[in-house]
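Visitor: compute the structure for the input listed below.
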Amino acid sequence: MGQALLKFLDNQYVEFDGVQNKFVKGVFTIFGHGCVVGFGEALESYKGDIVVYQGKNEQGMAHAAIGYAKQKNRREIIACTSSIGPGALNMVTAAGTATVNRIPLLLFPGDTFACRQPDPVLQQVEHPLSQGITANDAFKAVSRYWDRIERPEQLMSAMINAMRVLTDPADTGAVTICIPQDVQGEAYDYPVEFFEKRVHIISRREPSKAEIERAAAKIKNKKKPVIICGGGVVYSEAADALVKFAERFNIPFGETQAGKGAVSWKHKLNLGGIGVTGGLAANRIAMDADLVIAVGSRLSDFTTSSKWLFKNPDAEVVSINVNSFDAYKMNACTVIADAKAGLEALYKVLDEAGYMSSYKDEIENAKKEWEEEVNRLFKADIENGLSQTRVLGELDKLIDKNDIIVGSSGSLPGDLQRVWRPEKPKTYHMEYGFSCMGYEVCAALGVKIAEPDKEVYSMVGDGSYLMLHSELVTSIQEGKKINVLLFDNSGFGCIENLQNSQGIPTFATQFKFRDEKTGRLTGQSIPISYAEAAKGYGCKTYTVTNIEELKEAFECARKDKVSTLIDIKVAPKTMTGGYESWWRVGVPEVSENQSVREAYQKMSEEVKKTKKF
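Guide: Below you'll find the predicted structure:
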């Protein structure tokens, strides 16, 4: 069965707009007794094109696979296989990351014996309710498709369904195929056609005429629409269609984390990031907009500011999305279609009707004001240290416009959505659907495998770096140079800010020793040299405490041939703040702290201003 699985994977292709790509380019693995002698034997003896990568942590290698698939616009993947029990469960978090972000991730966790003869085996979770429940049932909640191969012939229907989901833009995410360790090694006379070349066509779903006419009628009655550029614009390669649409009808657009970079920040209608981590320009325009045209967006709470952002009482939503589940959010007028096809169809109808928005100089003024604010942030100096925004300003100048930055969690995604200025597509790689700590370094390896000729920069805070950076070692092993830009503010700075903003004193969010007198973590800061630690892995490393050291380290790192880490010591609380946005969080209604009670009252007032859908 293991041999059949590998042979099948090696013959899967996708076709998009007439171009074919081999779909499964490799397998990440950490061998254990749940996979090494079954599927592992097949990988060792196979003579095909699939490359085997040795991961160092199951979650880390799966994040690398997500980074690869995301950078390849979901048209190529690297599968992942693991042992049973803890090895398998390490991939559950990555499965959630893939599913939330609509990224194809194919997982083959080893499973316990289907025959049950030696049960309970090492690393088996026993459940008294059913012998059929194993650790791998935990994947069900975070997978778009889940199956367990209990007989070798079941492989055929399971893998056809796996490919159906993985190659469907509307349904893609994590696919988990559990492979019991005995079944992996069982023989079966598979039909030859199971191994023939199979091409999965990724079609552009065309909108219905009725949906286009309904959406166009709504748009024609609006004066100040705004577009949300979501990740669907990137995956559909719809950036040119969006620009053409926006220019023809003079409609500005704001970017989600997944949509940022699809169009150059310099475009006159590009207002930059929108929502909780958005900037002044997009949020101000959105507040006054009487229509929101969401293109390929999940409309998450960060994009909509917990449905608070759209203040105009006449504001409505038109949603173009290939996924009907996403399209129906916020009581939207739906266009269930590929982003490019939907925009082009709407363009035709609105163009014939001679539609034009009523914006005059509001867009230009908002964009100009925001650019001035970003320039101020980029020059923000502080005494006795480095500000995070100042460092980002320098990096914005130092990093080549063709190279790629990777991020995911902490304060950096907020700063980057607000102030980073990408000019080229696919150079801004942000996972913010799950905002999974530990994605940044590991995914950077996947991005580098996908884009071997470009420099790849992982932008990561010290908290997230400590959470997971296992595939930094794999990058050295593979000779795939990545650059880790580690912003060290000695704690979970983003969450400390959230804590303080809701009236709660700083508590367990800074990296400090325990105070012997109070018993709390309020002692001296823990002195950590991340550069020294990474040097032990084989990285070239640098420590930065001022701008001159940053410039020098960056230029040296660019010339280095192995993975690098620049340990940048930034001052706490020097990230960007919010810009006319709000985020709903669970503030306690009852507290002994007066400032917390006040924060609850303020939250309650803001909730009244939100949309109810």
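
Visitor: doesn't Val484 fall inside a strand?
Guide: Yes. Using DSSP: H, G, I helix; E, B strand; the rest coil, the secondary structure at Val484 is a strand.

Visitor: so how many other residues sit close to it?
Guide: 27 (other CB atoms under 10 Å). C-beta here means a position set from N, CA and C on the backbone, and glycine is covered the same way.

Visitor: next one: Phe195
Guide: Applying other CB under 10 Å, I find that Phe195 has 13 neighbouring residues.

Visitor: next up, the contacts around it.
Guide: Ala4, Lys7, Phe8, Asn11 (CB atoms under 8 Å, 6 or more residues apart in numbering).

Visitor: secondary structure element for the first one?
Guide: For Ala4, the host element (DSSP states H and E) is helix 2-9.

Visitor: please name every helix or strand in contact with that helix.
Guide: strand 24-29, helix 39-45, helix 154-166 (3 or more CB pairs under 8 Å, 6 or more residues apart in numbering; DSSP states H and E).

Visitor: ok, 10 Å please
Guide: Judged by 3 or more CB pairs under 10 Å, 6 or more residues apart in numbering; DSSP states H and E, helix 2-9 is in contact with strand 24-29, helix 39-45, strand 77-82, strand 105-111, helix 154-166, strand 174-180.

Visitor: closest to Thr134 out of the ones you listed?
Guide: Of all those, strand 105-111 sits nearest to Thr134, with 5.7 Å by CB to CB.

Visitor: could you dump the contacts of Phe195 into a markdown table with distance to Lys609 and neighbour count added?
Guide: Putting the contacts of Phe195 into a markdown table (distance: CB to CB, whole Å; neighbours: other CB atoms under 10 Å) gives the following:
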| residue | distance to Lys609 | neighbour count |
| --- | --- | --- |
| Ala4 | 58 | 19 |
| Lys7 | 58 | 16 |
| Phe8 | 54 | 21 |
| Asn11 | 55 | 17 |
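
Visitor: and of those, the nearest to Ala508?
Guide: Out of the contacts of Phe195, the member with the shortest distance to Ala508 (by CB to CB) is Phe8, at 48.6 Å.

Visitor: doesn't Ala216 make contact with Pro225?
Guide: No. Between Pro225 and Ala216 there is no contact under CB atoms under 10 Å: 11.8 Å.

Visitor: find the residues that touch each one of those two.
Guide: Val318, Tyr355 (CB atoms under 10 Å, 6 or more residues apart in numbering).

Visitor: so which of these two has more stuff around it?
Guide: Pro225 (26 against 21).

Visitor: quick one, phi/psi of the closest residue to that one other than its chain neighbours?
Guide: Nearest residue to Pro225, sequence neighbours excluded (CB to CB, 6 or more residues apart in numbering): Leu291, at 3.9 Å. With angles defined as degrees, to the nearest 10, Leu291 sits at phi -150, psi 140.

Visitor: what sits against Leu291?
Guide: Taking CB under 10 Å, 6+ apart, we find Leu291 in contact with 218-219, 221-227, 251, 310, 312, 314-318, 333, 357.

Visitor: type out the PyMOL command that picks the buried ones from those residues.
Guide: Buried residues among the contacts of Leu291 (16 or more other CB atoms under 10 Å), as a PyMOL selection:
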select buried, resi 218+219+222+224+225+226+227+251+310+315+316+317+318+333+357
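
Visitor: give me the subset of the contacts of Leu291 that lies in helices.
Guide: Judged by DSSP state H, the contacts of Leu291 include Lys218, Ile219 as members of helices.

Visitor: that older thread, now the helices and strands packed on helix 2-9 in CSV, with mean neighbour count and distance to Gly519?
Guide: Shown next, in CSV, are the helices and strands packed on helix 2-9 (neighbours: other CB atoms under 10 Å; distance: least, CB to CB, whole Å):
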stretch, mean neighbour count, distance to Gly519
strand 24-29, 23, 43
helix 39-45, 17, 49
strand 77-82, 28, 40
strand 105-111, 29, 41
helix 154-166, 19, 51
strand 174-180, 27, 42
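
Visitor: need those in a markdown table with distance to Pro505, can you?
Guide: Output for the helices and strands packed on helix 2-9, formatted as a markdown table (distance: least, CB to CB, whole Å):
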| stretch | distance to Pro505 |
| --- | --- |
| strand 24-29 | 43 |
| helix 39-45 | 52 |
| strand 77-82 | 42 |
| strand 105-111 | 40 |
| helix 154-166 | 47 |
| strand 174-180 | 39 |
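
Visitor: these: which one's closest to Tyr542?
Guide: strand 24-29 (29.1 Å).

Visitor: ok so, going back, will you turn the helices and strands packed on helix 2-9 into TSV that also has distance to Lys612 and mean pLDDT?
Guide: Output for these, formatted as TSV (distance: least, CB to CB, whole Å; pLDDT from 0 to 100):
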stretch	distance to Lys612	mean pLDDT
strand 24-29	44	98
helix 39-45	50	96
strand 77-82	39	98
strand 105-111	34	98
helix 154-166	33	98
strand 174-180	32	98
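
Visitor: tally of neighbours for Gly232?
Guide: Every residue meeting other CB under 10 Å relative to Gly232 is counted, giving 29.

Visitor: so what sits opposite Val19 in the bridge?
Guide: Phe16 (DSSP bridges).

Visitor: what about it, how many neighbours?
Guide: Applying other CB under 10 Å, I find that Val19 has 8 neighbouring residues.

Visitor: show the pLDDT at it.
Guide: Predicted confidence (pLDDT) for Val19: 96.

Visitor: for stretch 234-253, C-alpha coordinates in PDB please.
Guide: What follows is stretch 234-253, C-alpha atoms only, in PDB (Å, rounded to 0.1, in the frame of the first residue of the first chain):
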ATOM      1  CA  VAL A 234      -3.800  36.500  -5.400                       C
ATOM      2  CA  TYR A 235      -4.700  32.800  -5.900                       C
ATOM      3  CA  SER A 236      -6.900  33.700  -8.900                       C
ATOM      4  CA  GLU A 237      -4.200  35.900 -10.400                       C
ATOM      5  CA  ALA A 238      -6.900  38.600 -10.600                       C
ATOM      6  CA  ALA A 239      -4.700  41.600  -9.700                       C
ATOM      7  CA  ASP A 240      -4.900  43.100 -13.200                       C
ATOM      8  CA  ALA A 241      -8.600  42.600 -13.300                       C
ATOM      9  CA  LEU A 242      -9.000  44.300 -10.000                       C
ATOM     10  CA  VAL A 243      -6.900  47.300 -11.100                       C
ATOM     11  CA  LYS A 244      -8.800  47.600 -14.300                       C
ATOM     12  CA  PHE A 245     -12.100  47.500 -12.400                       C
ATOM     13  CA  ALA A 246     -11.000  50.000  -9.700                       C
ATOM     14  CA  GLU A 247      -9.500  52.500 -12.300                       C
ATOM     15  CA  ARG A 248     -12.500  52.400 -14.600                       C
ATOM     16  CA  PHE A 249     -15.000  53.100 -11.800                       C
ATOM     17  CA  ASN A 250     -12.700  55.200  -9.500                       C
ATOM     18  CA  ILE A 251     -13.100  52.800  -6.600                       C
ATOM     19  CA  PRO A 252     -10.400  52.600  -3.900                       C
ATOM     20  CA  PHE A 253      -9.300  49.400  -2.400                       C
END
